[in-house]
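Student: build the 3D model from these lines:
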Amino acid sequence: MAEYDFFEITGLSFDPAEKAAKKIKAAIDKAEKSLGGMLGSVSQQAQRDEINGKLALLSKIRSEVLSEDGKVLPRFKEIA
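Tutor: Below you'll find the predicted structure:
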């Protein structure tokens, strides 16, 4: 499986790392929406696999770095 760069996908700053939970959540939401739209228009399986990989990464990171009450968890610093 290919590795994808969370910060490249979302456009968030990593040096210094973004600290605002709202900005992180908004960037993830925007990237997921964009990738979801691309997924609907791509028919090549390799491209679909890449988009699905990026979506899986975003979902995984969302669950690891954002708490249910909307705060950034310390794990985000490790990713950055």
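Student: OK, contacts around the residue nearest the centre of the chain?
Tutor: Closest to where the C-alpha atoms of the chain average out (C-alpha atoms, centre = their mean) is residue 58, at 3.1 Å. Contacts for residue 58 (C-beta atoms under 8 Å, 6 or more residues apart in numbering) come out as 6, 9, 10, 28, 31, 32, 35. To be clear about C-beta, it is placed using only N, CA and C from the backbone, and glycine gets the same treatment.
Student: in what helix or strand does it lie?
Tutor: Per DSSP states H and E: residue 58 is located in helix 45-65.
Student: averaged pLDDT, that helix. What do you get?
Tutor: The pLDDT scores in helix 45-65 average 93.
Student: distance check, residue 39 against residue 8.
Tutor: Distance of residue 39 to residue 8, given as C-beta to C-beta, to the nearest Å: 18 Å.
Student: meant to ask about residue 14
Tutor: Distance of residue 14 to residue 8, given as C-beta to C-beta: 9 Å.
Student: what's the answer for residue 74, then?
Tutor: Residue 74 sits 23 Å away from residue 8 when distances are taken as C-beta to C-beta.
Student: over to residue 28?
Tutor: For residue 28, the distance to residue 8 equals 13 Å [C-beta to C-beta].
Student: just want to know which of these two has more residues nearby.
Tutor: More neighbours surround residue 28 than the other of residue 28 and residue 8, with 20 against 11 (other C-beta atoms under 10 Å).
Student: my guess is the more buried one contacts residue 10. True?
Tutor: Yes - the criterion here is C-beta atoms under 8 Å, and residue 28 meets it with residue 10 at 6.1 Å.
Student: residues contacting residue 10?
Tutor: When contacts are counted by C-beta under 8 Å, 6+ apart, residue 10 is found next to 24, 27, 28, 30, 31, 58.
Student: which among these gets closest to residue 65?
Tutor: Nearest to residue 65 among the contacts of residue 10, counting by C-beta to C-beta, is residue 24 at 7.0 Å.
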